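>>> here's a sequence, model it:
(one chain, ligands or ions: 1)
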Amino acid sequence: GITRNFSSSTSLNAIKTVTVVGGGLMGSGIAQVAAQAGQNVTIIDVNGELLEKAQKSIHTNLTRVGKKLYKGDAAKVDSFVKESFDRVKVSTKLEDGADVDLVVEAIVEKLDVKQELFNKLDQIAPAHTILATNTSSISVNEIGAGIKRKDRYGGLHFFNPVPVMRLLEVVKGDETSAETHKAMMEWGQSVGKTCITCKDTPGFVVNRLLGPYTAEALRMLERGDATKEDIDIGMKLGAGYPMGPFELADYTGNDTNLFALGVMYEKTKNPVFAPIKLLENMVKEGKLGIKSGEGFYKYNKK
Ligand code: NAI
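Residues are numbered from 1 along each chain as shown. I've put the predicted structure just below:
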C-alpha cells in the first residue's frame, strides 16, 4: 500500500476516499488527479459507455504523466500507470460511491438534475461525507438548497483540462463550516492544486474576470478595431497571457462562452456581459471552436 504523510497542521478528518459523480470531461480529470495522488476514487455515471471512455482517457493521460515523471524508466512508468489506474473504480449505481469522505459532482449543468442528485446523496451518504459541486455557472447555495448537511457542503471548481490547470476555486456556501472549508482546501492541495477561496458569486473569481475580457475582445473585433490575430498576439506578447482571447474562446467553446456570459448578465445585470451579436451568430453557424473544427480559427477535426 501507499503511506501518506500528513503534516501536523492537517486535520484528522482529512479526505482519503473520493467519489466523482459524472465521468465526462471534468469528472474523468478530477478522478485522475485523485488517483495519481494515491487516493481511491469511484466514478459514477448514468451512462456505462461514458464510463468506459473515461477509463480509456484516464489510462492514456496517466501514461503521458508517467512518461514525464519517470522519463526513460519504462518499468517505473508502467507501475505508476498500473497503480494509479487500479485505484479508479467505476459504477452506474450511485450507492456504490456513497460511502466515502468526499463526493465531487461533475454532471450536466442543470439545476434540477443537480439538486435531485444532492438530495439523494444527502440521504445515502454517511454523516461525515462532504458533498461538493464543480458547477461553473449555477449558484452553489441553490444546488444544495434541499440538503440537510449544509455545513458539509460547498463548491470545488476545477479548470479544464483538470490534470494540467493548477488552480482550484474552493467555494464557500452560506453555511459551509470552517472545518469543511479546511478539509476541501487540504484535499485540493493533496491532488496537486493551488486553492483559492471564494464566495458563491456568479463566475466566482476567474470566470467573472474572464467574462468582461472575452466580451470586450469580441466587441473590438465587431467594431473592427483590430484583427483577431493582432488582438491575440497583443495579449500574448503585451500582457503575457499564454493564449489570446480568441484562441481561448475556441478552446473553451463558443456555446459555452455564450452561455457563461448570458448567465452572468442575467445574474449581475452588468452591461459588460450584455449579448454580443458576433458571438450569437458564431454559435448559430456552428462555429463552436476546436470541437467543431472551426471557431474564430480553423482546426483539423480529430
Ligand atoms: P460532460 O458532458 O463532459 O460530462 C457530464 C457527465 O455527467 C456525462 O458523462 C453524463 O453522462 C453524466 N451525467 C449526467 N447526469 C447524470 C446523473 N444524474 N448522474 C450521474 N451522471 C450523470 O460535462 P463536463 O464538461 O465534464 O461538465 C461537468 C460539470 O463541470 C458541469 O457542471 C460544468 O459546469 C462543470 N465545469 C465544466 C468545465 C468545462 O470546461 N467543461 C470547467 C469547470 C466546471
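>>> residue in the chain nearest to the ligand?
Nearest residue of the chain to the ligand (Cβ to the nearest ligand atom) works out as G24 at 1.9 Å. Heads up, the C-betas are built off the backbone N, CA and C, glycines and all.
>>> separation between that residue and K267?
The gap separating G24 from K267 is 24 Å, by Cβ to Cβ, to the nearest Å.
>>> compare the two (neighbour count), which wins?
Between G24 and K267, G24 has the larger neighbour count (other Cβ atoms under 10 Å), namely 17 against 14.
>>> pull the CA atoms of stretch 190-207 into CSV?
Output of stretch 190-207 as CSV, limited to C-alpha atoms (Å, rounded to 0.1, in the frame of the first residue of the first chain):
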residue,chain,number,x,y,z
SER,A,190,-3.3,16.8,-1.9
VAL,A,191,-4.4,16.4,-5.6
GLY,A,192,-1.7,19.0,-6.6
LYS,A,193,-3.8,22.1,-7.0
THR,A,194,-3.3,25.6,-5.6
CYS,A,195,-6.5,26.6,-3.9
ILE,A,196,-8.1,30.0,-3.7
THR,A,197,-11.2,30.7,-1.6
CYS,A,198,-14.2,32.5,-3.0
LYS,A,199,-17.8,33.2,-2.2
ASP,A,200,-20.8,31.9,-4.1
THR,A,201,-21.0,34.7,-6.6
PRO,A,202,-21.6,34.4,-10.4
GLY,A,203,-18.5,33.2,-12.2
PHE,A,204,-16.6,33.0,-8.9
VAL,A,205,-13.2,34.7,-9.4
VAL,A,206,-11.7,33.5,-12.7
ASN,A,207,-14.7,33.4,-15.0
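>>> give the buried residues for that stretch.
Residues of stretch 190-207 classed as buried: 190-191, 193, 195-196, 198, 200, 202-207 (neighbour count, 16 or more other Cβ atoms under 10 Å).
>>> now, the most widely separated pair of the residues you listed?
With distances taken as Cβ to Cβ, the most widely separated pair in these is S190 and P202, at 28.6 Å.
>>> can you list contacts of stretch 245-254?
160, 210, 213-214, 217-218, 221, 228, 231-232, 235, 243, 257, 279, 282-283, 287-291, 295-297, 299 (Cβ atoms under 8 Å, 6 or more residues apart in numbering).
>>> list the beta-bridge partners for T19.
T42, V103 (DSSP bridges).
>>> quick check, it in contact with A106.
No - with contact defined as Cβ atoms under 8 Å, T19 does not count as touching A106 (10.8 Å).
>>> secondary structure class for S28?
What DSSP: H, G, I helix; E, B strand; the rest coil gives for S28 is helix.
>>> for it, which non-adjacent residue is closest in space?
Of all residues not flanking S28 in the chain, A54 sits nearest, at 3.9 Å (Cβ to Cβ, 6 or more residues apart in numbering).
>>> check what pLDDT that neighbour gets.
Looking at A54, its pLDDT is 98.
>>> any buried residues in stretch 233-245, and which?
So for stretch 233-245, counting by 16+ other Cβ under 10 Å, buried means G234, M235, G244, P245.
>>> close to the ligand: what parts of the stretch 51-200 of the chain are there?
Contacts of the stretch 51-200 of the chain with the ligand, taken as Cβ under 6 Å from any ligand atom, map to A106, I107, V108, E109, V113, L117, N134, T135, S136, F158, N160.
>>> quick one: the helices in this structure?
Secondary structure of the chain, counting by DSSP state H: helices at 25-36, 48-69, 74-86, 111-124, 140-143, 178-190, 206-223, 228-233, 239, 245-252, 254-268, 277-284.
>>> and the ones you listed: which comes nearest T92?
Comparing the helices of the chain by Cβ to Cβ, helix 48-69 comes nearest, at 5.3 Å.
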